[in-house]
Each structure stands twice: as C-alpha cells, then as structure tokens.
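> Sequence first, predicted coordinates after that:
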Amino acid sequence: MKKLISILVGTLMLLSLAGCGAAKPEATVEKFFAAAQKLDAEKMASTLVPSNTEDIKDIKSMLSTEQVPEEQVVLYEYLSEYLKSNAGKMTFKVTGSEINGDNAVITVDCKYVDAGPVFKATMGALMQKMLSLAFSGAEIAEEQTSQMFVDTMREQANSMSETFKETTVKVNCIKQDDIWYISETTDEMLDVVTSGFVTAAKDMGGIFEGAN
C-alpha cells in the first residue's frame, strides 16, 4: 500500500511540474500587464519575442533618461512619475484565447486612467504661453521650455477630473522553444501602458498637420 501511495504521489508531482513547464500564452500576457501596472520596462520587455528587437528597445527606453538631453531630464522625470502613478490604477482581465499551433490571440479587457485630455489641454495652454513670449520678444532656453511643460501639465492635471477608459485589447502571441512570447506591442497596448498618450499624441499630430 505504501509503495502504491508513493507511486501516486510521485506521478502527481510529475504532472504538476509538467503543468508548470508548459506555460500558456495567457500567463505571458498577464505577466506583461502586471509589469505594466508598475511600469517595469525590463519585465514588460522580457515577455516580447527575442527577435523583435525594435519593440524590446522601445519598451526598455520608454521611461529611461539615459539618452535624454540634460535640459529635458526634468520633463522625462516628471512624466515618468505621472505615468507610474496612473499605471498603479490600471486593471486588466484575460477574457479569451484562441490558440492555433504556435500562434495565439489573447483577449484582455483593460481599464486605465485616460490622461489624453490632460495632455491635450497642456499642449494647448503651453502653445498660448509660448506664443505670448514669442510676441514679447523673449528668448526661451530649451530647459525653460521643459520646465514650462511640467508646470503647465501640473496645473492641468490638478484642475481636471481624473477619467478612466475601458478597452478590449487583442494580443498576438507566438511560441518559440516551447515558450510563449508576445509577438509585438500594438498602439492599443501602449495606450493602456501610457495612460492614453499614444492616441493623444496622434490626435495632436493630426491637428498640427492640418494646420500646415
């Protein structure tokens, strides 16, 4: 009897270990969004397929100030803290998966702080300030511009109510060497990570292009 019990226990342990080794694509996607809640660039990048060096580089450098000009460091540091604060309020839930061989599409419902209105209001107010200074003949150093952006964004963020946005994201995954990775980061995924800044920047870019 003891021998039979030992065999059964050993079999269950092997099955358990096998289950842990064969991670599912859902687990990879959950790891990405869990890391996004802390804006942990290294962990987010680790979920991407190694061959996608461009996306990995973009994610790792997203909040880094290593290659940022000294006069812009204050701006990047402020945005980093602002986005980290918002990221902690983001929630997500995997709601579906479609697996086809070594490819999979994972559906995730996300809710995140939509900072797009703050960003747009900041850009509008900053442009007014810059135009006023330009008409007065004042010269503005780049470091002053960065500080003006930070001050203006603080004003807008404090004066506007925080809003949330809900979205459903489709995440493409691929299995390589028996490990599931995310194939690429889409604008929808980055919008969740950056509190809607990707869409806001596109909208502002469209406005400026239309004005030219």
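Noted; the coordinates are in hand. The shown structure was predicted, so the numbers you read here are calculated from the model rather than taken from an experiment. Numbering: from 1, shown residues only.
> Tell me if residue 99 really is in a strand.
Yes: under DSSP: H, G, I helix; E, B strand; the rest coil, residue 99 falls within a strand.
> And the pLDDT at it?
pLDDT, residue 99: 96.
> count of residues packed around residue 70?
10 (other C-beta atoms under 10 Å). Any C-beta I mention is one placed from the backbone N, CA and C, and that applies to glycine too.
> so what's the closest residue to it other than its chain neighbours scoring on pLDDT?
Nearest residue to residue 70, sequence neighbours excluded (C-beta to C-beta, 6 or more residues apart in numbering): residue 143, at 7.9 Å. In this model, residue 143 is scored at 74, pLDDT.
> Tell me which helix or strand residue 143 sits in.
helix 142-159 (DSSP states H and E).
> can you list the residues that contact the following helix or strand past that helix?
Next along the chain after helix 142-159, taking DSSP H and E as the criterion, comes strand 164-176. With C-beta atoms under 8 Å, 6 or more residues apart in numbering as the test, strand 164-176 has contacts from 25, 28-29, 32, 49-50, 89, 95, 102-114, 180-184, 186, 188-189, 191-192, 196.
> tell me the average confidence for strand 164-176?
Mean predicted confidence for strand 164-176 is 97.
> now stretch 126-138
81.
> do stretch 193-208 as well
What stretch 193-208 shows for mean pLDDT is 77.
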